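Asks: dropping the sequence and predicted coords here.
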Amino acid sequence: EAQVTQNPRYLITVTGKKLTVTCSQNMNHEYMSWYRQDPGLGLRQIYYSMNVEVTDKGDVPEGYKVSRKEKRNFPLILESPSPNQTSLYFCASSSTGAGYNEQFFGPGTRLTVL
Amino acid sequence: GENVEQHPSTLSVQEGDSAVIKCTYSDSASNYFPWYKQELGKGPQLIIDIRSNVGEKKDQRIAVTLNKTAKHFSLHITETQPEDSAVYFCAHSGYSTLTFGKGTMLLVSP
């Protein structure tokens, strides 16, 4: 089944404790992206990757890191999480750039930073 | 990315009525305008999209219209059903990024 998977689905952590949210897609997509969703703010892009080893900042990249060493994986790294990073996070992928094709979203990761 | 304004933020209709959600954008370079539906506890899913060389597109009960001159586009749902209840997001894009509206919560009452 074609899908985007994220792990973990739920995470409660404390301020300053490094964490990684994994994202994997099995559709051989070139483009992958991370979004955060907050009440009243919609979906905001954190980082995106046009292809392996190519990443770029979205609208809200502060406090996050990403890497794209393999085509299928695009982990999101929070080196020192803070409470304002409490949010619902979505990974998405599409065959090429976001402006031309449907983006397929993962199920989401709900993160709480205490 | 460039902002997109989406209205209304909430919309309540009776089953069988029509629902219209409107979005305006400012980036004249945008050429792709998708609409996503997000059901409770799930990720957004594409329901329809339109490109800048087309003024209207229809898929069964769902239609999207685009006015590039006025920089606005709209989602139209006819004969609404309770399963249409969800949050709907408009978005627009040039090539590499997608900018979303803040969403419209649609509630269809039986």
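Replies: That came in fine, so what should we check first? Here the structure is a predicted model, which is why all the values come from computation and not from measurement.
Asks: how about the nearest residue to the residue nearest the centre of chain A, chain neighbours excluded?
Replies: Nearest to the geometric centre of chain A sits A:Trp34, at 2.9 Å (CA atoms, centre = their mean). Among residues not flanking A:Trp34 along the chain, A:Ile46 sits closest, at 4.3 Å (CB to CB, 6 or more residues apart in numbering or on different chains). From N, CA and C alone the C-beta is placed, and that goes for glycine too.
Asks: tally of neighbours for the one you found?
Replies: Counted by other CB atoms under 10 Å in any protein chain shown, the residues lying close to A:Ile46 total 23.
Asks: can you pull the phi/psi pair for it?
Replies: phi -100, psi -60 (degrees, to the nearest 10).
Asks: touching, it and A:Glu62? I think so.
Replies: No: between A:Ile46 and A:Glu62 there is no contact under CB atoms under 8 Å: 9.2 Å.
Asks: wait, B:Ser93 touches B:Tyr32, no?
Replies: Yes: using CB under 8 Å, B:Ser93 is in contact with B:Tyr32, at 4.6 Å.
Asks: still on that earlier bit, separation between the residue nearest to A:Trp34 and chain B?
Replies: 11 Å (CB to the nearest CB, to the nearest Å).
Asks: just to revisit the earlier point, so what's the residue nearest to the centre of chain A up against?
Replies: By CB atoms under 8 Å, 6 or more residues apart in numbering or on different chains, the contact list for A:Trp34 reads A:23, A:45-48, A:58, A:64, A:66, A:74, A:76, A:89-92.
Asks: again, but for B:Thr99
Replies: Counted by CB under 8 Å, 6+ apart, B:Thr99 has contacts A:Gln45, A:Asp59, B:Gly1, B:Glu2, B:Asn3, B:Val4, B:Tyr25, B:Asp27, B:Ala91, B:His92, B:Ser93.
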